[in-house]
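**Q** fold the following and give me the result.
(one chain, ligands or ions: 2)
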Amino acid sequence: MSDQFDAIVIGAGQSGPFLAARLAGENKKVALIEREHVGGTCVNDGCTPTKTLVASARAAWMARRAGDFGVAVKGPVSVDMKAVKARKDAVVGASVESLTEWLGGIEALEYIEGEGRFLSPSEVQIGERTITAPQIFINTGARAAVPDWPGIDKVPYLTNSSIMNLDTLPGHLVIVGGSYIGLEFAQMYARFGAKVTVIDRGDRPASREDADISAWIRKILEAEGVTFLFKTTVESVTRAGGGVLLSLKTGERRASVEGSHLLIALGRTPNTDALNLPAAGVKTDKRGYIVTDEHLRTSAPGIWAMGDVNGRGAFTHTSYNEFEIVGDNVIDKGDRSVAGRIPVHGLFIDPPLGRIGMSEDEVRKSGRKALIATRPMSRVSRAKERGETQGMMKVLVDADTKQILGAAILGIGGDEVVQVLLQLMAARTPYTTMVETVHIHPTVSELLPTLLGDLKPLD
Ligand SMILES: Cc1cc2nc3c(=O)[nH]c(=O)nc-3n(C[C@H](O)[C@H](O)[C@H](O)COP(=O)(O)OP(=O)(O)OC[C@H]3O[C@@H](n4cnc5c(N)ncnc54)[C@H](O)[C@@H]3O)c2cc1C
Ligand SMILES: NC(=O)c1ccc[n+]([C@@H]2O[C@H](COP(=O)([O-])OP(=O)(O)OC[C@H]3O[C@@H](n4cnc5c(N)ncnc54)[C@H](O)[C@@H]3O)[C@@H](O)[C@H]2O)c1
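**A** Ligands and ions are numbered 1, 2, ... in the order given. Sure thing, here's the model as predicted:
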């Protein structure tokens, strides 16, 4: 027997639950299907747990540095990994609980546990049950990509999901992938006290960032004991002792590294394989991401795709924004789209990187006339007072319109401070307005007018 709904949402990530709730609020009968855990990656094995662990790692680091501030800590600082995990589990647990409670209290919404699979453009099967709706919204996210290295099926390895169960300190954590996931875990585990090696095929960490930002990231992590092996790929993996031996290739040179634990951080695979998308007529690209137009409509009328699964964002803020876009369009008959969305992201090493708009590389490639200013964090009094002067600020401005094109702030508070510039950018306000505005002293943001006052032509 088929259950008829007004709308079906597949996946309870960072847009699905909010859209399901909003539709239910419009007196629609809604089904929300989730195969693993409500809240998806962000809440369970992404943003929330990693930033909670980053906070523990920072506490350990500050305790070790206490003497720099004239504070005595008697004896060596040690980290209780079971307590660190328990704290992380408590923060995640509270988030999942409040989300579950909230969704459970919405009368018109039925939460269905299980894996959703299309039978046709309007029918979804979950186990023995088949449900139908004229509107279906896909929010199934992505998972860690696992490479096909020879031997990978015979060695224990960790991903961002399984590392969440670790409550012991690795002797030597080898991380393959030196981007967002790899870097956040690298610094965190180095601060917990593990030996950490990061392997990447590129020539620098976070290679989507400008070279000067990458150089600072490398310097910050190396100063904390992280070893980087760049231009290096993994040829094969085998079991060694209790851990894993990786055979590596750097140019023509071959070497090996043995780790007690291996973490794979090589990007993501969209969760589209279980959906049986051909039955619904939903097209995917070569990498398996669902193809959508700017309004997030798929190739099948009546089916939308939001979040990581459409390959347009890969961040919680982009997924949530896509709930807002689809919600406004479907419910309020709006005309919102992702066109013109300003790209923003953070990299939550410590100090963090906040990034908005275009990078310097992107501005150069665009060929437009631009202005640029940079300032080391060592020339920010707040950073000096805090004893954390690593990093730099960078801003790029259109030479003709005087509007901000992009900015990077790698330094204390960089993730928050950069959003001051984001507001100017979104409002299309010329940077000169900020130069004339008085800011609070002593803060990092007070240096933004000074930074903008130093703008020079980008040669
Ligand atoms: C380690 C890590 C750290 C991160 N840190 C940040 C950060 O600091 N800031 C940031 O903005 N982003 C961060 N991200 C990215 C962020 O987690 C994702 O972009 C975000 O979760 C958005 O995902 P989503 O809404 O597309 O779906 P997801 O959160 O991935 O959820 C999809 C859900 O769909 C379910 N599902 C899949 N297939 C089916 C099916 N067939 N039937 C039923 N259910 C299904 C899954 O079980 C899952 O619960 C991080 C990611 C990782 C891995
Ligand atoms: N702070 C945040 O917002 C945050 C944090 C973590 C994750 N995320 C999200 O998760 C996504 C995935 O992150 P990620 O770090 O896993 O992937 P990524 O795609 O950002 O980086 C993968 C890295 O692996 C390297 N690589 C790929 N194949 C390789 C190989 N065979 N050998 C050696 N190196 C190889 C690449 O050069 C690259 O540096 C990101 O795109 C991001 O959207 C966001």
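**Q** spatially central residue for this protein, please.
**A** F315 (4.9 Å; CA atoms, centre = their mean).
**Q** contacting residues for it?
**A** When contacts are counted by CB atoms under 8 Å, 6 or more residues apart in numbering, F315 touches H345. Where you see a C-beta, it was placed from the backbone N, CA and C, and this is true even at glycine.
**Q** for it, give its distance to A72.
**A** For F315, the distance to A72 equals 41 Å [CB to CB, to the nearest Å].
**Q** residue contacts, whichever residue of the stretch 101-250 of the chain sits closest to ligand 1?
**A** Residue of the stretch 101-250 of the chain nearest ligand 1, by CB to the nearest ligand atom: G141 (2.0 Å). By CB under 8 Å, 6+ apart, G141 lies in contact with 11, 13, 40-41, 270-271, 307-309, 319.
**Q** get me the contact residues on the stretch 201-350 of the chain for ligand 1.
**A** Contacts of the stretch 201-350 of the chain with ligand 1, taken as CB under 6 Å from any ligand atom, map to 271, 274-275, 307-309, 314-317, 319, 348.
**Q** rerun that using 5 Å as the cut-off
**A** 271, 274, 307-308, 315-316, 319 (CB under 5 Å from any ligand atom).
**Q** show me which of the residues you listed is closest to ligand 1.
**A** For these, the closest approach to ligand 1 (CB to the nearest ligand atom) belongs to G307, at 2.4 Å.
**Q** mind checking pLDDT for the residue nearest to that closest one when sequence neighbours are not counted?
**A** Of all residues not flanking G307 in the chain, S319 sits nearest, at 3.6 Å (CB to CB, 6 or more residues apart in numbering). At S319, the model reports a pLDDT of 98.
**Q** quick check, S319 in a helix?
**A** Yes. Under DSSP: H, G, I helix; E, B strand; the rest coil, S319 sits within a helix.
**Q** and it, what does it touch?
**A** The neighbours of S319, taking CB under 8 Å, 6+ apart as the test, are 13-15, 42, 139, 141, 306-308, 313.
**Q** so what's the residue count around T432?
**A** T432 sits with 14 neighbouring residues when counted by other CB atoms under 10 Å.
**Q** you'd agree it is up against K402?
**A** Yes. With contact defined as CB atoms under 8 Å, T432 reaches K402; the gap is 5.9 Å.
**Q** tell me the average confidence for the longest helix that the chain contains?
**A** The residue-count maximum for a helix in the chain (DSSP state H) belongs to helix 81-104. For helix 81-104, mean pLDDT rounds to 98.
**Q** in the stretch 101-250 of the chain, what residue is nearest ligand 2?
**A** Counting by CB to the nearest ligand atom, the stretch 101-250 of the chain gets nearest to ligand 2 through S179 (2.9 Å).
**Q** do I have it right that that residue meets R204?
**A** No. Contact between S179 and R204 fails when scored by CB under 8 Å: they sit 10.5 Å apart.
**Q** skip the chain neighbours and tell me the closest residue to G327.
**A** For G327, ignoring the flanking residues on the chain, the nearest one in space by CB to CB, 6+ apart is R22 at 4.9 Å.
**Q** mind checking pLDDT for that neighbour?
**A** Reported pLDDT for R22: 98.
**Q** and it, how many residues sit next to it?
**A** 19.
**Q** that one sits in which helix or strand?
**A** helix 16-25 (DSSP states H and E).
**Q** packing partners of that helix?
**A** strand 7-10, strand 30-34, helix 81-104, strand 109-113, strand 135-138, helix 316-332 (3 or more CB pairs under 8 Å, 6 or more residues apart in numbering; DSSP states H and E).
**Q** now the angle from that helix to strand 109-113?
**A** Here helix 16-25 runs at an angle of 150 degrees relative to strand 109-113 (axes from the mean of the first three to the mean of the last three CA atoms, to 10 degrees).
**Q** and D335, that one's in a strand?
**A** No. Under three-state DSSP, D335 sits outside any strand and is assigned coil.
**Q** wait, it touches I325, no?
**A** No. Contact criterion CB under 8 Å: D335 and I325 do not qualify, at 9.8 Å.
**Q** shared neighbours of those two, anything?
**A** Counting by CB under 8 Å, 6+ apart, the shared contacts of D335 and I325 are H295.
**Q** gap between the two ends of stretch 60-69?
**A** End-to-end distance of stretch 60-69 (CA to CA, to the nearest Å): 15 Å.
**Q** what's it in contact with?
**A** 72-73, 77, 79, 191-193, 224, 350, 387.
**Q** let's go with 6 Å and repeat that
**A** The contact list for stretch 60-69 (CB atoms under 6 Å, 6 or more residues apart in numbering) reads 73, 77, 79, 191, 387.
**Q** in PyMOL, select just the buried ones from those residues.
**A** Applying 16 or more other CB atoms under 10 Å to those leaves a buried subset, and the PyMOL line that selects it is:
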select buried, resi 79+191
